[in-house]
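Q: Give me the fold of what follows.
(4 chains)
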Number of protein chains: 4
Amino acid sequence: MSNSFGELFRITTWGESHGGGVGVVLDGCPPRLALTEADIQPDLDRRRPGQSKIVTPRNESDTIRILSGTFEGKTLGTPISMMVQNQDQRSEAYTEMATKFRPSHADFTYVAKYGIRNWQGGGRTSARETIGRVAAGAIAKKLLRERFGVEIVSYVKQVYDIVAEVDQATVTLAQVDSNIVRCPDTDSAERMIALIEDIRSRGDSVGGIVETVVRGVPAGWGEPVFDRLEADLAKAMLSLPASKGFDIGSGFGGVLMTGLQHNDAIRSAANRVFTKTNRSGGIVGGISNGEPIYFRVPFKPVATVMHEQETVNTDFENTTLKGRGRHDPCVLPRAVPMVDAMTALVLIDHALRHHAQCGT
Amino acid sequence: MSNSFGELFRITTWGESHGGGVGVVLDGCPPRLALTEADIQPDLDRRRPGQSKIVTPRNESDTIRILSGTFEGKTLGTPISMMVQNQDQRSEAYTEMATKFRPSHADFTYVAKYGIRNWQGGGRTSARETIGRVAAGAIAKKLLRERFGVEIVSYVKQVYDIVAEVDQATVTLAQVDSNIVRCPDTDSAERMIALIEDIRSRGDSVGGIVETVVRGVPAGWGEPVFDRLEADLAKAMLSLPASKGFDIGSGFGGVLMTGLQHNDAIRSAANRVFTKTNRSGGIVGGISNGEPIYFRVPFKPVATVMHEQETVNTDFENTTLKGRGRHDPCVLPRAVPMVDAMTALVLIDHALRHHAQCGT
Amino acid sequence: MSNSFGELFRITTWGESHGGGVGVVLDGCPPRLALTEADIQPDLDRRRPGQSKIVTPRNESDTIRILSGTFEGKTLGTPISMMVQNQDQRSEAYTEMATKFRPSHADFTYVAKYGIRNWQGGGRTSARETIGRVAAGAIAKKLLRERFGVEIVSYVKQVYDIVAEVDQATVTLAQVDSNIVRCPDTDSAERMIALIEDIRSRGDSVGGIVETVVRGVPAGWGEPVFDRLEADLAKAMLSLPASKGFDIGSGFGGVLMTGLQHNDAIRSAANRVFTKTNRSGGIVGGISNGEPIYFRVPFKPVATVMHEQETVNTDFENTTLKGRGRHDPCVLPRAVPMVDAMTALVLIDHALRHHAQCGT
Amino acid sequence: MSNSFGELFRITTWGESHGGGVGVVLDGCPPRLALTEADIQPDLDRRRPGQSKIVTPRNESDTIRILSGTFEGKTLGTPISMMVQNQDQRSEAYTEMATKFRPSHADFTYVAKYGIRNWQGGGRTSARETIGRVAAGAIAKKLLRERFGVEIVSYVKQVYDIVAEVDQATVTLAQVDSNIVRCPDTDSAERMIALIEDIRSRGDSVGGIVETVVRGVPAGWGEPVFDRLEADLAKAMLSLPASKGFDIGSGFGGVLMTGLQHNDAIRSAANRVFTKTNRSGGIVGGISNGEPIYFRVPFKPVATVMHEQETVNTDFENTTLKGRGRHDPCVLPRAVPMVDAMTALVLIDHALRHHAQCGT
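A: Residues are numbered from 1 along each chain as shown, chains lettered A, B, ... in the order given. The predicted structure follows:
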């Protein structure tokens, strides 16, 4: 019971990999925002499988349909229901999955929890679930951009051991999307692509790190003490499939500095307060300080590999299972729009929450 | 507006550093649990300032009082209100703070958000706020231990560049508390203490990493897709003052493995399903799998240092500020019980939530 | 922002009268419940327009489709998304509504709130919104019946000044559905039907009272102090279109008794505690006591009447508006399944909540 | 688990009749509101026992203390914790209650739910719990008055069969408080007081109806479809001890009108839209329309009477119990400030919620 996210800009996602479709209901969107499917489809196209040679070949158009909440091209303030129909129904590719648990997939844990699972394509654990997040995130991004001037740029910072050089102050979405791995450092991008192709040819997979920078957030967003802005970002990121962590600003690396080195000096100029460095990552005490927000999310290598692996069957007997069918060697390129979406959902929710308490 | 945490085992903390006191209301505690202040005070004693030479010298006994929710030594199922009175009221030590923002503290961001702040001792941003969390966490730990057999052990894994060796399978609370830095690796502990004393003598501060291992969680806890167990743990940890990140299982390091290397083979023996490795960190797809849960939380160096630093005043003019008065060179030893408490609060909440949906 | 209801068995409804359809996402349904559309359609058929000569003639089949959350005929524990497509798209019948506010409809208040409205058929204020409630309520009723032995019977107690005689201890669903007005007192039912036909012939409308009795609720459900069982029932009922009140047990009439007359004597026999009278209505102090729960809900006469009425247009100029097109002389027969559904949603939610805190 | 109320202006009450005290934590109060105990104590004085000859003689000063959330007389935006210590600890008066369930009190249902109860003075079911509500309500009323121009006037409309005549358009708080029964119709008030004194002399009790009028609410507050303004008011009222119902506008009486009679004609004059009648009670479709909001709440007669009554003991054996000690013949005068408080809490919460979604 937890398929909703957000307090005031609240989404509820639904759907399994196979079945009628996947979708989302967004409750709390401000009224009178211009909105049609054309605002949303581009983000889904960034997320969909089959878009390049280095991601999963499952081929679905993932065409979004807005079922409610708009009228004559504008939001009504009522719930926005959106849906994508499932097309690829090759459940025969999964028959072995009906009786065996895939290692490092959630097959076993779903049975442990619910006593039942939809074994077709992972059911609810499929990354298709993120379609609803990305669709709602597109609306969140539009609101953030148009009403608050906030810009979110996520990109692949690292694949396996290849680390990109990226200037957070200037990186653009166009740079990110200039190549299929979504890394704005074109030299690193080429090496990442080559690495992923090699990994795919060996039936294996790799992970990496997505980094996000958010520019334009005003000082004041975030709700201490529990819904600190970084706490909600952390939760959002760890709710994404295959993510294993989160750090913000100096993050794990900050432990190698002393307080004197780490503190961000505060300065004032031209009626604006700013910090000389930004080790805080744009958030202090749970509240944005007006500096860019940046954070990193590591994704583990995709669990499905084309090799025989030890596992147990649904009778809890030891056996082996070999991945077959579609092979996704690296989730990173498709994780980028998911991270964008979750970031936007957290930020717009906090914008509305801040407004509610402090804007009256 | 966000001083509550948890869905079914729900705490609401209140209180500023200076003022009537700090406290917590716990709603949703199961009835008929034996409970007195003696169950709670030891955890507060682990958290309180002044307990050793390497932490802040603010000296308060932090004596907890249960104001409601128990009767004849047992919980009633009604809200448990607990409170600690503030004693140390040396607000004169803070007068300069009334007009200047401390760098990398939340002084500026609170003003940006609320247009007002209690500048005495940090007000709501003081670590005293965590007293309520630790008190409620003590109750959560007792429930987890007695009703579910769950054991939580947090410890200092790293201070600055000193990394401890700890065996997660065997580490005990007694080992953790065998020294004042709360690092169960006694050799590393000695070096950490020496480092912190040196840092203190220079008026500076250091951070580090707290690691937690949880043993005994059954398979099945966690609420995909948004309240995955690791997502709620991440939020809980990032809600702690000075924390800058979170990773679980293989975490950031997992990106340097391929899928074939990273996957945890599943095996069965003696009617028990287990994994040969535990790179998942005890959680797969947001749900516990019965293996130990372990994760890491980096804490930045304490922002208060005894040096002149650049900042602005409340009129947004450039100035400088030198920390004076109490000096806390390292938050790590006192962060350990905070991490314990937040871990317990997440786990008991998920235990109840799992029970609610799947236990009927 | 409030299209969700329930804490643990949580529904989110969506949809306008005209547009893609109407639907609901149910989050928190226990897993492994046998469930297909056949469990739900009968309740929707009780709710749908056009089912008899005394309700609105809008003619739609309201065929429900389960889009997610079940597998091989059983619930998965994941969100259950259900939807009904809109068919009747005669928006031309509403063109005058585009520029004029219907008296005692929510046209003006939606504009006052959102600055925009879907004027086609009432948009979100249409009773079509309750389709999602009734669909989810059917699942709640099944759970209550099969897992807890709880039976809910709502019926028309009063239309205008015709008051039915109903024996709460024995009234059955079959008796309720034995006539088109859904009043188990057949004599009164005939008079009610005649009255409604007469009212319809005059282009007018009438209201009345729905009464509900719930048998089989065990002692212990309800969450004081704010989510008392009667408080959540009251909210549920007042959330229905056209309802104007709620009372439980002795209700408004109880003020004409003294305490000595009103108190329910408690007795014990054959290991069962019961009360000799039931003025409490089955709930004491917010918690069920094991006696039947009964309450009443008044519904105002439908606002759409076939007469010229004073109103203002969207430029806030005085004008008149005459209802035309479909005419619903009495909402009561269709309100019965709505009240059933909301009652079931409240009860199952409280069953799970009670289980969560007190069942461990 | 449900001691919190409100979404954005959220209170959590705690405390039993006997024990450390009773209190409330208010989360979400806007910052920079002038606030001291002097703003709150008058409302508590209206609620406290012993204030006149016709209410319970329990004599406590109920002195409120603000423990957090304010600084130099202004709210900080952080949680406001408030508390009243319990003084009257005559638990010996209750020893028989330890082993017997009082009829129509919640003694039995608390045991049925929690398996334990605090039998001293009713424990959590005591009306002392409402102290926290009234304290927080005082803050809500101040915000409503100062920032929105909203005025709430509740009064005793009926005691037993004595019905007061009150002009909703003009009734004032001064009129309400001009007599001890809090009925602004002085003739009726005299008769009510005489009736209550007679009832008290006979060791019995009576109930009645509190009516509330709210003037100054702008059009636009309320959150369809589930958190309609009237739905949240209904829940708030039914959450009060001894209340048995709620109706708004025409309410139960509205069923005796046809639609043509019942509809409120809409008119416009001097740039203001209004209705000629107000059978809607100021709310249409769940949203305020700018007209006065008015509703009624029936309270049953107090369950404690000074007569022998049938009941069972904690071993579920038949026995009798005679009320002794303090005797409260009529809850109505003290219910008035409770209704005021709950009304204010609902309205301010909706004001903030409306602002959050529609004010950006």
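
Q: Can you pull out the low-pLDDT segments for chain A?
A: Chain A contains residues with pLDDT under 70 at A:88-94, A:360.

Q: at 80 what do you get?
A: Applying pLDDT under 80 to chain A picks out residues A:1, A:57-60, A:88-94, A:324-325, A:360.

Q: who's sitting farthest from the centroid in it?
A: Distance from the C-alpha centroid of chain A peaks at A:Ala270, with 36.8 Å (C-alpha atoms, centre = their mean).

Q: do you know how far it is from chain B?
A: To chain B, A:Ala270 is 11 Å away according to C-beta to the nearest C-beta, to the nearest Å. Backbone N, C-alpha and C define where each C-beta goes, glycine included.

Q: Then A:Val171?
A: For A:Val171, the distance to chain B equals 20 Å [C-beta to the nearest C-beta].

Q: cool, and A:Thr36?
A: Here the criterion is C-beta to the nearest C-beta. By it, A:Thr36 lies 27 Å from chain B.

Q: got it, and A:Val213?
A: For A:Val213 relative to chain B (C-beta to the nearest C-beta), the value is 16 Å.

Q: elements contacting the helix or strand harbouring that residue?
A: Per DSSP states H and E, A:Val213 falls inside strand A:208-215. Judged by 3 or more C-beta pairs under 8 Å, 6 or more residues apart in numbering or on different chains; DSSP states H and E, the packing partners of strand A:208-215 are strand A:151-159, strand A:293-299, helix A:332-358.

Q: for the helix or strand just after that strand, packing partners?
A: Using DSSP H and E, the next helix or strand after strand A:208-215 towards the C-terminus is helix A:229-238. Here helix A:229-238 touches strand A:245-248, strand A:293-299, helix A:332-358, helix B:229-238, strand B:245-248, going by 3+ C-beta pairs under 8 Å, 6+ apart.

Q: got CSV for the ones you listed, with mean neighbour count and distance to C:Pro42 too?
A: Listed next are the helices and strands packed on helix A:229-238 as CSV, based on neighbours: other C-beta atoms under 10 Å in any protein chain shown; distance: least, C-beta to C-beta, whole Å:
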stretch, mean neighbour count, distance to C:Pro42
strand A:245-248, 29, 48
strand A:293-299, 26, 47
helix A:332-358, 26, 38
helix B:229-238, 29, 39
strand B:245-248, 29, 47
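
Q: Take those and lay them out in TSV including distance to D:Lys276.
A: Below are the helices and strands packed on helix A:229-238 laid out as TSV (distance: least, C-beta to C-beta, whole Å):
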stretch	distance to D:Lys276
strand A:245-248	59
strand A:293-299	54
helix A:332-358	35
helix B:229-238	53
strand B:245-248	61
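
Q: before we move on, back to that, starting from the strand holding A:Val213, tell me which strands it pairs with and how they run.
A: Strand pairing for strand A:208-215, determined by DSSP bridges: strand A:151-159 (antiparallel), strand A:293-299 (antiparallel).

Q: What helices and strands are in contact with the helix or strand that comes right after the first one?
A: Next in sequence after strand A:151-159, counting helices and strands by DSSP H and E, comes strand A:162-163. Packed against strand A:162-163 by the contact rule (3+ C-beta pairs under 8 Å, 6+ apart) you find helix A:186-201.

Q: Give me the buried stretch members for the helix it packs on, please.
A: For helix A:186-201, a neighbour-count test (16 or more other C-beta atoms under 10 Å in any protein chain shown) marks A:Ser188, A:Ala189, A:Arg191, A:Met192, A:Ile193, A:Leu195, A:Ile196, A:Ile199, A:Arg200 as buried.

Q: Spatially nearest residue to the last one, not counting backbone neighbours?
A: The spatially closest residue to A:Arg200, leaving aside those adjacent along the chain, is A:Pro329, at 3.7 Å (C-beta to C-beta, 6 or more residues apart in numbering or on different chains).

Q: What's the local residue count around that neighbour?
A: The burial count assigned to A:Pro329 is 28, neighbours taken as other C-beta atoms under 10 Å in any protein chain shown.

Q: Can you give me the distance of it to A:Asp62?
A: A:Pro329 sits 20 Å away from A:Asp62, going by C-beta to C-beta, to the nearest Å.

Q: ok, and does stretch A:348-360 reach over to chain B?
A: Yes. Stretch A:348-360 is in contact with chain B by C-beta under 8 Å from any C-beta of the partner chain, via A:Arg353, A:His354, A:Ala356, A:Gln357, A:Cys358.

Q: Residue of the stretch 1-150 of chain A nearest chain B, please.
A: A:Ala106 (2.4 Å; C-beta to the nearest C-beta).

Q: residues in contact with that residue?
A: A:Ala106 makes contact with A:Gly122, A:Thr125, B:Pro224, B:Val284, B:Gly285, B:Gly286, B:Ile287, according to C-beta atoms under 8 Å, 6 or more residues apart in numbering or on different chains.

Q: which SS class is the first one?
A: Under the three-state scheme (DSSP: H, G, I helix; E, B strand; the rest coil), A:Gly122 adopts helix.

Q: which residues touch the closest residue in space to it that isn't next to it in sequence?
A: Leaving aside its chain neighbours, A:Gly122 sits nearest to A:Ser17 (5.2 Å; criterion: C-beta to C-beta, 6+ apart). A:Ser17 sits next to A:Asn86, A:Asn118, A:Gln120, A:Gly121, A:Gly122, A:Gly123, A:Arg124, A:Ser126, A:Arg128 when contact means C-beta under 8 Å, 6+ apart.

Q: And what about A:Ser17, helix, strand or coil?
A: Following three-state DSSP, A:Ser17 is assigned to coil.

Q: gap between it and B:Thr172?
A: A:Ser17 is 43 Å from B:Thr172, by C-beta to C-beta.

Q: do the same with A:Pro184
A: To B:Thr172, A:Pro184 is 48 Å away according to C-beta to C-beta.

Q: Equivalent analysis for A:Arg272, please.
A: Distance from A:Arg272 to B:Thr172, counting by C-beta to C-beta: 52 Å.

Q: can you check A:Arg353 too?
A: 42 Å.

Q: more neighbours, A:Arg272 and B:Thr172?
A: The residue with more neighbours, out of A:Arg272 and B:Thr172, is B:Thr172; 12 against 9, by other C-beta under 10 Å.

Q: Spatially nearest residue to whatever residue of the stretch 201-350 of chain A ends up closest to chain B, not counting backbone neighbours?
A: Residue of the stretch 201-350 of chain A nearest chain B, by C-beta to the nearest C-beta: A:Gly285 (2.4 Å). Nearest residue to A:Gly285, sequence neighbours excluded (C-beta to C-beta, 6+ apart): B:Ala106, at 2.4 Å.

Q: repeat for A:His18
A: Leaving aside its chain neighbours, A:His18 sits nearest to A:Gln120 (3.9 Å; criterion: C-beta to C-beta, 6+ apart).

Q: what's the answer for A:Val176, then?
A: Of all residues not flanking A:Val176 in the chain, A:Tyr155 sits nearest, at 4.5 Å (C-beta to C-beta, 6+ apart).

Q: That neighbour is in contact with A:Gln168, isn't it?
A: No. Counting by C-beta atoms under 8 Å, A:Tyr155 stays clear of A:Gln168, with 9.8 Å between them.

Q: These two - which one has more neighbours?
A: Between A:Tyr155 and A:Gln168, counted using other C-beta under 10 Å, A:Tyr155 has the larger neighbour count: 28 against 16.

Q: What separation do you get for that one and A:Val206?
A: A:Tyr155 is 17 Å from A:Val206, by C-beta to C-beta.

Q: Nearest spatial neighbour of the residue in chain A that chain D sits nearest to, chain-adjacent residues omitted?
A: Nearest residue of chain A to chain D: A:Ala356, at 3.6 Å (C-beta to the nearest C-beta). Residue nearest to A:Ala356 in three dimensions, not counting chain neighbours: D:Ala356, with 3.6 Å by C-beta to C-beta, 6+ apart.
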